[in-house]
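*Asks:* below are the sequence and a predicted model for it; my questions follow.
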Amino acid sequence: MRVVFLGTSSATPTPQRFLPSVALMRQGDIFLLDCGEGSQIRFRRAGLRFSRLRWLLVSHMHGDHITGLLGLLMSLQMAERTAPLEIAGPVGLQDYILTNRRLLRTEFGYELRFTELTEPFEVVYDGPDFRLEAARLDHRLSTYGYALAEKPLPGRFQAEVAAELGVPFGPLCGRLQRGEAVTLDDGRVVLPEQVLGPSRPGRRVVYVTDTRPCPGGVLLAESADLLIHEATFGADLADEARVKKHSTTREAAEVARLAGARHLVLTHFSPRYVDLEALRAEAAELFEPVDVAWDLREFVLEPVP
Ligand SMILES: [Zn+2]
Ligand SMILES: [Zn+2]
């Protein structure tokens, strides 16, 4: 899995930073988290392909997170997309997109499949090898954070154990590896758990913005391999963060610590900040490892060993 930050500013773009958007790549599929103005430009600059886009996950209906949506959807149309596009977000997102489509007198030749979120916690998608979770955050309007959680992988096949049990090398090994029981020529049954090591946990990538520190954020962030958390303000602006319902560097670090996350990446910085290292250092007093995102910065999650 790979994460590329397409925009890392809050409220308004700066010469260095576009508005919020993060691309998550997994096995050839792209999940786009928020779509601030101009995200499609960064998307191309990052070398990503529109045809790979499967999911749009929208945190909330503040302009800085959604003003890039229509442009992106129109570019998909111009690229002659036919594959459906899954879109999840708070109530109002569907109306926003369809109203714009109507007023712009445009049509999309591909299906938009909407999931509007209403519950404190929802499983947006549950597939064979991963699921998408959403949890309500604490912002000025309905806002959701997201987790992409891979399902546990089966344990490694232990060839020497299989040989000791008399399993011949060949197709029977493959069936055991896939979790099926097999019957040997002498009638004995060998179960997969006899020859597989312990199951291996999948990876978890979590996106939490915009929000105060809150239970929904901590719930999603639990044991995250990568936690992307907003840090709109430095620690000295804690009062402003409280009033505007955002988080400071230290508050983001505290969420990562409480949740037992493995790696924290801060984003959604107020345009006033130029020196991001000072923000990183504030968070690092409470939690490590922590990094700051910048536009087109990439993080790679290693495969499960
Ligand atoms: Zn924002
Ligand atoms: Zn907001």
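*Replies:* Thanks, I have the structure now. Ligands and ions are numbered 1, 2, ... in the order given.
*Asks:* near ligand 2, which residues of the stretch 1-150 of the chain? Just list them.
*Replies:* His62 (CB under 5 Å from the ion). Yep, even glycine has a C-beta here, placed from its N, CA and C like the rest.
*Asks:* can you give me the helices in the stretch 1-150 of the chain?
*Replies:* 39-45, 63-66, 69-78, 93-103 (DSSP state H, counting those that start in this stretch).
*Asks:* nearest to ligand 1, out of those helices?
*Replies:* Ligand 1 sits nearest to helix 63-66 of all the helices of the stretch 1-150 of the chain, at 4.5 Å, using CB to the ion.
*Asks:* what's in contact with the closest one?
*Replies:* With CB atoms under 8 Å, 6 or more residues apart in numbering as the test, helix 63-66 has contacts from 9-12, 19-20, 34-37, 58-59, 93, 96, 210.
*Asks:* list buried residues within those residues.
*Replies:* The neighbour-count test (16 or more other CB atoms under 10 Å) marks 9-11, 19-20, 34-37, 58-59, 93, 210 as buried among those.
*Asks:* avg pLDDT for stretch 175-187?
*Replies:* Average pLDDT, stretch 175-187: 91.
*Asks:* same check on stretch 217-232?
*Replies:* The model assigns stretch 217-232 a mean pLDDT of 98.
*Asks:* for stretch 55-69, same thing?
*Replies:* On average, stretch 55-69 scores 98.
*Asks:* got it, and stretch 72-83?
*Replies:* 96.
*Asks:* repeat that for stretch 192-207.
*Replies:* On average, stretch 192-207 scores 93.
*Asks:* so that stretch, near ligand 1 or not?
*Replies:* No. On the criterion CB under 5 Å from the ion, stretch 192-207 is out of touch with ligand 1, staying 12.4 Å away.
*Asks:* quick one: terminal-to-terminal distance for that stretch?
*Replies:* 36 Å (CA to CA, to the nearest Å).
*Asks:* now what about stretch 2-9, what contacts it?
*Replies:* 13, 17-26, 36, 38-39, 42-43, 46, 48, 64, 205, 226, 228, 265, 267-269, 271, 293-301.
*Asks:* same thing but 6 Å
*Replies:* Contacts to stretch 2-9, defined as CB atoms under 6 Å, 6 or more residues apart in numbering, come from residues 17-25, 36, 39, 42-43, 46, 267, 271, 293-295, 297-300.
*Asks:* quick one: buried residues of it?
*Replies:* Quick answer for stretch 2-9 (16+ other CB under 10 Å): Val3, Val4, Phe5, Leu6, Gly7, Thr8, Ser9.
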